[in-house]
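**Student:** how would this look folded up:
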Amino acid sequence: MILPHALAHTGDTPLVQLTPASAEHVRFYAKLEDHNPTGSTKDRAAAHIIDRQLESGALTRDSLVLESSSGNFGIALAAYCAYRGVQFRCIIDPRITPINERLIRAFGAQVTCVTNVDDAGGYLRSRLAEVQSVLTSTKNAYWVNQYANPLNAEAYFALAEELRADLGRIDYAFIGVSSGGTITGVSKKLKECFPNVKIVAVDTVGSVIFGGAPRPRWIPGIGSSIVPEILAQAKIDDVVMVDERDAIKGCNELLEKHKLFNGGSSGAVYAAVKSYFAGKTFEVAPVVVGIFADRGERYADTIYDRAWCAKMFNAS
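**Tutor:** Modelled structure (predicted):
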C-alpha cells in the first residue's frame with residue numbers, strides 16, 4: 001500500500017491469537033490497535049471526526065479544536081489536526097505522563113494544564129470546565145466532546161467490520177471503557193453482524209462508569225470519574241471490573257509470554273478475559289476477541305517500572 005501521507009490511512013490492524021492461562025479452552029484473538037499511525041485506536045476517532053466535520057462545515061480551518069485528554073486521544077487529535085491544517089488546544093492535567101505531553105506538543109498542539117482538583121478527587125471535571133471557559137471566550141472554537149459526540153462511536157464501525165471479516169464468527173468481545181466511543185461503536189455494529197455476541201465492558205476499580213465508588217486511579221485510557229453520555233447507546237451485556245494491579249500484571253504477562261508491548265487498558269482486557277473464563281467449560285470453544293488499544297512505550301516509566309508501581313500501589 002502506497003500512501004500520500006503517514007496519516008492518510010487508519011485501521012486494518014492485525015489480529016493475533018493468544019492462549020491466556022486459565023482461558024486455554026477459548027479461541028482468543030487480540031486486535032492490535034497500536035498499529036494505527038500514532039499508536040492507538042484513537043486515531044480512528046480523531047481522523048473520522050476531523051474529516052467529517054470539515055466536510056460538513058461544522059469545522060473550518062479557522063477553527064480552534066478543543067478537547068480534554070490525558071493521553072492517546074490528545075496525541076491523535078494533535079496529529080490529525082496538524083495534518084488537516086487546523087489549530088488544536090489540548091486541556092491536560094498534572095497526571096499526564098511526560099511522554100504523552102511531549103507527543104501532544106511535538107505535533108504542534110497548544111496545551112493548557114489545569115491544576116484544580118475536582119470534587120471527585122481528580123481533574124476531569126476541572127478540565128471540562130476549562131473547555132467550557134474557552135468555548136465561551138473564543139470565536140470559532142469547536143469542542144470534539146468525545147464523551148457525547150456520536151461521530152466518536154461511528155468511527156469504530158469500521159473496527160467491527162474488520163473483526164467480522166477476519167473472524168467470521170464472534171461469541172464474546174472484551175472492550176475497555178473510558179470515554180465510551182469504542183465500545184459504543186463496536187457493540188452496535190457487532191450486534192448487527194452477530195446478534196448473539198456478548199459484549200463485555202472492561203473497567204478498572206475506582207472508576208464510576210458502572211456505579212463503582214470513586215478512588216484514585218493511575219492508569220490512563222481506561223475508567224472515568226464521569227459516566228460518558230455516549231454509553232447510553234452502547235449494547236453491553238456484562239461488565240468486568242479489574243484492579244489496576246491485575247492490569248499491570250496482565251501487561252507484563254503479555255510482554256513476557258507473548259512479546260506484546262501494550263498499554264494499561266490492554267493489560268486490563270487480558271486480565272478480564274482470564275478471570276471471566278477461569279473454570280468455565282464449553283462443548284465448542286467460543287471465539288473471543290479483545291481490543292488492545294495502544295502501545296506500551298508510553299507506559300515505560302509507569303506501569304512497566306517497578307519503582308513507580310511500588311510507589312503508587314505500595315507493592316514490591
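**Student:** contacts and neighbour counts: CA atoms only from here.
**Tutor:** Will do.
**Student:** Let me see the ranges of the strands in this protein.
**Tutor:** Secondary structure of the chain, counting by DSSP state E: strands at 15-18, 27-32, 64-68, 87-92, 110-113, 141-143, 172-176, 198-204, 238-242, 287-292.
**Student:** Centroid-wise, who is the farthest residue in the chain?
**Tutor:** Glu283 (33.3 Å; Cα atoms, centre = their mean).
**Student:** Let me see the backbone angles for it.
**Tutor:** phi -70, psi -40 (degrees, to the nearest 10).
**Student:** what's the spacing between it and Lys274?
**Tutor:** Between Glu283 and Lys274 the computed distance is 19 Å (Cα to Cα, to the nearest Å).
**Student:** now do Ala232
**Tutor:** Taking Cα to Cα, one finds Ala232 at 27 Å from Lys274.
**Student:** ok, now Gly223?
**Tutor:** 19 Å.
**Student:** Pull the number of nearby residues for Asn314.
**Tutor:** By other Cα atoms under 10 Å, the residues close to Asn314 number 9.
**Student:** Same check on Thr138?
**Tutor:** 11.
**Student:** Switch the strands of the chain over to TSV; also include mean pLDDT.
**Tutor:** Formatted as TSV, the strands of the chain follow (pLDDT from 0 to 100):
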stretch	mean pLDDT
strand 15-18	98
strand 27-32	98
strand 64-68	98
strand 87-92	97
strand 110-113	97
strand 141-143	97
strand 172-176	98
strand 198-204	98
strand 238-242	98
strand 287-292	98
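**Student:** Quick one: those strands as a markdown table, columns for mean neighbour count and distance to Gly121 too.
**Tutor:** Converted to a markdown table, those look like this (neighbours: other Cα atoms under 10 Å; distance: least, Cα to Cα, whole Å):
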| stretch | mean neighbour count | distance to Gly121 |
| --- | --- | --- |
| strand 15-18 | 16 | 37 |
| strand 27-32 | 22 | 32 |
| strand 64-68 | 24 | 17 |
| strand 87-92 | 24 | 15 |
| strand 110-113 | 16 | 16 |
| strand 141-143 | 20 | 24 |
| strand 172-176 | 27 | 22 |
| strand 198-204 | 25 | 16 |
| strand 238-242 | 18 | 20 |
| strand 287-292 | 23 | 28 |
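**Student:** show me the contacts for Ala201.
**Tutor:** Residues in contact with Ala201 (Cα atoms under 8 Å, 6 or more residues apart in numbering) are Phe174, Ile175, Gly176, Val177, Ile183, Ile236, Asp237, Asp238, Val239, Val240.
**Student:** wait, Glu161 sits on Lys191?
**Tutor:** No - counting by Cα atoms under 8 Å, Glu161 sits too far from Lys191 to count as a contact (11.1 Å).
**Student:** what ranges of this protein fall below the confidence cut-off?
**Tutor:** 315-316 (pLDDT under 70).
**Student:** the helices in it, which residues?
**Tutor:** Under the criterion DSSP state H, the chain contains helices at 42-56, 72-84, 98-106, 124-137, 150-154, 157-167, 181-193, 244-258, 264-277, 306-313.
**Student:** Among the ones you listed, pick out the one with the most neighbours on average.
**Tutor:** When the helices of the chain are scored by mean count of other Cα atoms under 10 Å, the highest mean neighbour count falls to helix 264-277 (a mean of 26).
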